[in-house]
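[1] I need the structure of the sequence given here:
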Amino acid sequence: MSNKAGSFLWNLRQLNTLVPRSKTVEFCRPKFVYSNWNPRNHPLNDFDNRIQSSRSSSRYLFQDAFIFKSGDDAFPTQGRSTLTVLRVDRLLCPRRLSFDSKHSVVSVDTPNNGLKKVSFHQEVSNEDVLTKETKPAPISYRKLSQECNSLSDVLDTFSKAPTFPSSNYFTAMWTIAKRMSEDQKRCEKQLMFTHPAFNQLCEHIMREAKFMRYGHLLFSLHAMVKLGIPQNTLLVQTLLRVIQERINECDEKYLSILSAIIEAMEPCQNVHVLQAGLRILADQQVWKIKRVFTLQAVMKCIGKDAPIALKRKLEMKALSELDRFSILNSQRMFEALAAMNHRSVVLLNECSKMVIDNVHGFPFKILMNILQSCKDLRYHNLDLFKGIADYVVATYDIWKLKQVIFLLISFENLGFRPIGLMDMLMKKVVEEPHSLNMKNIVSILHVYSSLNHVYKCENKEQFLEVMASSVTGCLHHVSSENLLSVVSSFCLMNYFPLALVNQLLQKDVISELLTSDDKERNVHKLHILNTCLKLDDTFSYKAIDSLLPQMPSSPSDPNTKVTEALNSLLGGEGYFSKNVQLPHNYHIDFEIRMDTNRNQVLPFSDMDATSATDIQRLVAVLCVPRSTYCLGSSHPRGFFAMKMRHLNAMGFHVIVVNNWELDQLEMEDAVTYLKTKIYSVEDLPAGDINLQSTY
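    Now for the predicted structure:
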């Protein structure tokens, strides 16, 4: 026996003495024929494995040595076995070695100077006999997923004959899980974690991580995350680190799956590092990306805090690919832009056109994603919203009531009033009142009161009576919060059902509302109720002022341009009052007093000497933003409509100055604008006067 062979055998025996006898290390490799052997690709040439031993019998991944501990993150260690980590220096396989028949590593020279066959043998505990074992040929995850019907079947296949790479087993399990229902998936996952071979599979994939193809690494980690393996385990964190180290191997083919992994994982240090690496890759490869789907996947996961330069580069790439956008690409672009918080109006407009043209057939989830993305991006496209609403009206019978309500809530969040859809729902509610539950009633009343929809509806009274009767029928089962929400919505619509109001005004109910976790919201709604009971034409209810805490004063806006214009128009600040605080916590920007003939403004200094009968009207000037109206119209929203109603009840004539219109005018034109408003003898129109939207 040569000196080299003797030295290698001595090292191998030393290794055997270090490995715990209770757990044999498997060095079996398949009998592969290598035509061009590359030392870098051979597992033994980068053998830096962590061999883990457990002194306690354990079948669970989470009870053994796979709990990950890093940095300052502390995880409980009581009841877990000690983790033994053995590091073996890199072993180089000599070219010409020959051992005896019991311990042999054979290397045979071939004409192409490659390694023809290598056999390794597993030592059997308590025996001196080594048997020859080889792994079977690799099996693809597609074949596994076709032949197996459950996750346990895949693990059974692995335990009978493990093959390289082990990632195929995880990918196959996730492929099978996707075909299952949620309940079945939940049961299968529990069986997977308790399967005897699961721990062994995790050990295999950790040992193979550095030698595995990059694509296999990505697909296996994605499958693990989707299968619910905890993110803080050593298994998941090890794969994360290996993927980080080899991220330069990621090309366009794997960018989308890497993006999906980052999107699916919870934030942690290793995920943040991987996300930073992806941003660098995206910045370098953005102009080489050929698939729109890959581009959108990258956009979704780079994060809202990504550099603005990278966001604009991705936007420009998307704009250059517009002619290749499919309908699906246009749908997903809304969500992709919202995910990185980048409002590209040009891109959104182009995608909106394609969505409007092909909206028929869109599933509910897609419509909700589009509307939510528009809200997140503060993107208001009337044509898009009308197109979606009209589609739902045209196909109303195929939608569930819950879906219609969710869509209406999304429209309300955007400030858009879909008149046709809301009229349709009112009709259905009147015809089928028994289809409503308490959750539906609360949501419907909130939307209709917020958008002030019942203002001029023909069947307004029927609708309100049906809704009030539905709540009254189950009054004793309604929670205090739901009752308050329902009554406050009715108040905004100037409707006061006697039974509901009386129940809400009970001292024990008000006391419960004032001690709840959401006290601030409840106090605000109770003040609305109290104000409506005093100012609207209602029954004689007992005031609840003494029970409610004082509301903070509304912040005032200086309105410098309006002040200057009124000075020029009226002849000085003595003819108007600024930032007037009224009873019931109402605030008006300017107050003006006029004579009986409505053609002269009276100075405040002469009011003491002026008879009250000479004052024809008190003018309340309100300077408002766009949000006080429904989108694309002058139809006032619920709270603003209630405020104007109450100011009228207090003797004021309300003049509304639209801030965005006044800001676009020069001072001379602004004075003319205010003069027309103040000296007009007509009342403020409160209906649907369409305005040109500038969104």
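
[2] hey, where'd the strands end up in this structure?
    121-123, 130-132, 577-582, 586-595, 601-602, 615-624, 652-658 (DSSP state E).

[3] among the ones you listed, which is nearest residue 316?
    strand 652-658 (35.8 Å; CB to CB). The way it works is simple: take the backbone N, C-alpha and C, and place the C-beta from them, glycine included.

[4] I'd like to check which residues are in contact with residue 318.
    Going by CB atoms under 8 Å, 6 or more residues apart in numbering, residue 318 touches 292, 295-296, 299, 333, 344, 347.

[5] Just those residues: which are in helices?
    292, 295-296, 299, 333, 347 (DSSP state H).

[6] Reformat the residues you listed as JSON lines; add pLDDT, distance to residue 204 and neighbour count.
    Putting the ones in helices among the contacts of residue 318 into JSON lines (pLDDT from 0 to 100; distance: CB to CB, whole Å; neighbours: other CB atoms under 10 Å) gives the following:
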{"residue": "292", "pLDDT": "93", "distance to residue 204": "37", "neighbour count": "20"}
{"residue": "295", "pLDDT": "94", "distance to residue 204": "35", "neighbour count": "24"}
{"residue": "296", "pLDDT": "93", "distance to residue 204": "35", "neighbour count": "25"}
{"residue": "299", "pLDDT": "93", "distance to residue 204": "35", "neighbour count": "26"}
{"residue": "333", "pLDDT": "95", "distance to residue 204": "41", "neighbour count": "27"}
{"residue": "347", "pLDDT": "96", "distance to residue 204": "45", "neighbour count": "21"}
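
[7] so which of those comes closest to residue 159?
    Closest approach between those and residue 159, by CB to CB: residue 296, at 40.0 Å.

[8] In JSON lines: the strands of the chain, plus mean pLDDT, distance to residue 230 and mean neighbour count.
    Formatted as JSON lines, these follow (pLDDT from 0 to 100; distance: least, CB to CB, whole Å; neighbours: other CB atoms under 10 Å):
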{"stretch": "strand 121-123", "mean pLDDT": "36", "distance to residue 230": "31", "mean neighbour count": "15"}
{"stretch": "strand 130-132", "mean pLDDT": "37", "distance to residue 230": "37", "mean neighbour count": "12"}
{"stretch": "strand 577-582", "mean pLDDT": "89", "distance to residue 230": "56", "mean neighbour count": "14"}
{"stretch": "strand 586-595", "mean pLDDT": "89", "distance to residue 230": "53", "mean neighbour count": "19"}
{"stretch": "strand 601-602", "mean pLDDT": "84", "distance to residue 230": "73", "mean neighbour count": "16"}
{"stretch": "strand 615-624", "mean pLDDT": "82", "distance to residue 230": "52", "mean neighbour count": "18"}
{"stretch": "strand 652-658", "mean pLDDT": "90", "distance to residue 230": "55", "mean neighbour count": "19"}
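
[9] Turn those into CSV, including distance to residue 247.
    Formatted as CSV, those follow (distance: least, CB to CB, whole Å):
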stretch, distance to residue 247
strand 121-123, 35
strand 130-132, 39
strand 577-582, 59
strand 586-595, 57
strand 601-602, 72
strand 615-624, 52
strand 652-658, 53
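
[10] between those, which gets nearest to residue 152?
    Distance to residue 152, taken as CB to CB, is lowest for strand 121-123 among these, at 25.4 Å.

[11] just to revisit the earlier point, with the ones in helices among the contacts of residue 318 in mind, which one is nearest to residue 274?
    Checking the ones in helices among the contacts of residue 318 against residue 274 with CB to CB, the nearest one is residue 299 at 16.5 Å.

[12] Let me see the domain layout of the chain.
    Annotated domains of the chain cover 1-39+86-133, 141-295, 447-459+466-551, 560-678 [automatic domain parsing].

[13] picking that back up, which one of the strands of the chain lies closest to residue 406?
    Relative to residue 406, the nearest member of the strands of the chain by CB to CB is strand 615-624, separated by 29.1 Å.

[14] Can I get the closest one in PDB? Just the C-alpha atoms.
    Extracted as PDB, the C-alpha positions of strand 615-624 are listed here (Å, rounded to 0.1, in the frame of the first residue of the first chain):
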ATOM      1  CA  ILE A 615     -80.200  91.700   8.600                       C
ATOM      2  CA  GLN A 616     -81.600  89.500   5.800                       C
ATOM      3  CA  ARG A 617     -79.000  86.700   5.900                       C
ATOM      4  CA  LEU A 618     -75.800  85.600   7.600                       C
ATOM      5  CA  VAL A 619     -73.400  84.300   5.100                       C
ATOM      6  CA  ALA A 620     -71.000  81.400   6.000                       C
ATOM      7  CA  VAL A 621     -68.100  81.100   3.600                       C
ATOM      8  CA  LEU A 622     -66.500  77.700   3.500                       C
ATOM      9  CA  CYS A 623     -63.300  77.100   1.700                       C
ATOM     10  CA  VAL A 624     -63.200  73.300   0.900                       C
END
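
[15] That strand: partners in the sheet, and parallel or antiparallel?
    Within its sheet, strand 615-624 is paired with strand 586-595 (antiparallel), strand 652-658 (parallel), according to DSSP bridges.

[16] residues near residue 558, how many?
    By the criterion of other CB atoms under 10 Å, residue 558 has 10 neighbours.

[17] can you list the weak-confidence ranges in the stretch 1-150 of the chain?
    Residue ranges of the stretch 1-150 of the chain with pLDDT under 70: 1-138.

[18] could the domains of the chain be laid out in TSV, adding distance to residue 325?
    Formatted as TSV, the domains of the chain follow (distance: least, CB to CB, whole Å):
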stretch	distance to residue 325
domain 1-39+86-133	43
domain 141-295	6
domain 447-459+466-551	33
domain 560-678	26
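
[19] so which of those comes closest to residue 309?
    Among the domains of the chain, if distance is taken as CB to CB, the winner is domain 141-295, at 8.2 Å.

[20] ends of that closest one, how far apart?
    Taking CA to CA, to the nearest Å, the first and last residues of domain 141-295 lie 27 Å apart.

[21] so how far is it off the chain centroid?
    Centroid separation for domain 141-295 versus its chain: 23 Å, with CA atoms, centre = their mean, to the nearest Å.

[22] which residue ranges form the helices in the stretch 301-450 of the chain?
    For the stretch 301-450 of the chain, the helices defined by DSSP state H, counting those that start in this stretch occupy 308-320, 327-339, 345-357, 364-377, 382-394, 401-414, 419-431, 438-450.

[23] Buried residues in the fifth one, which are they?
    By neighbour count on 16 or more other CB atoms under 10 Å, the buried set for helix 382-394 is 384-389, 391-393.

[24] Please apply the same query to the last one.
    Taking 16+ other CB under 10 Å as the basis for neighbour counts, the residues of helix 438-450 that come out buried are 438, 440-450.

[25] what would those look like in a markdown table with pLDDT and distance to residue 308?
    Converted to a markdown table, the buried residues of helix 438-450 look like this (pLDDT from 0 to 100; distance: CB to CB, whole Å):
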| residue | pLDDT | distance to residue 308 |
| --- | --- | --- |
| 438 | 92 | 46 |
| 440 | 93 | 43 |
| 441 | 94 | 45 |
| 442 | 95 | 41 |
| 443 | 95 | 38 |
| 444 | 95 | 41 |
| 445 | 95 | 42 |
| 446 | 96 | 37 |
| 447 | 96 | 36 |
| 448 | 95 | 40 |
| 449 | 94 | 40 |
| 450 | 95 | 34 |
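
[26] Residue 640: which of those is nearest?
    Nearest to residue 640 among the buried residues of helix 438-450 is residue 450, at 10.5 Å by CB to CB.

[27] who touches the closest one in this structure?
    412, 492, 637-639.

[28] quick one: it from residue 388, how far?
    Counting by CB to CB, to the nearest Å, the gap from residue 450 to residue 388 is 19 Å.

[29] With residue 312 instead?
    Distance from residue 312 to residue 388, counting by CB to CB: 29 Å.
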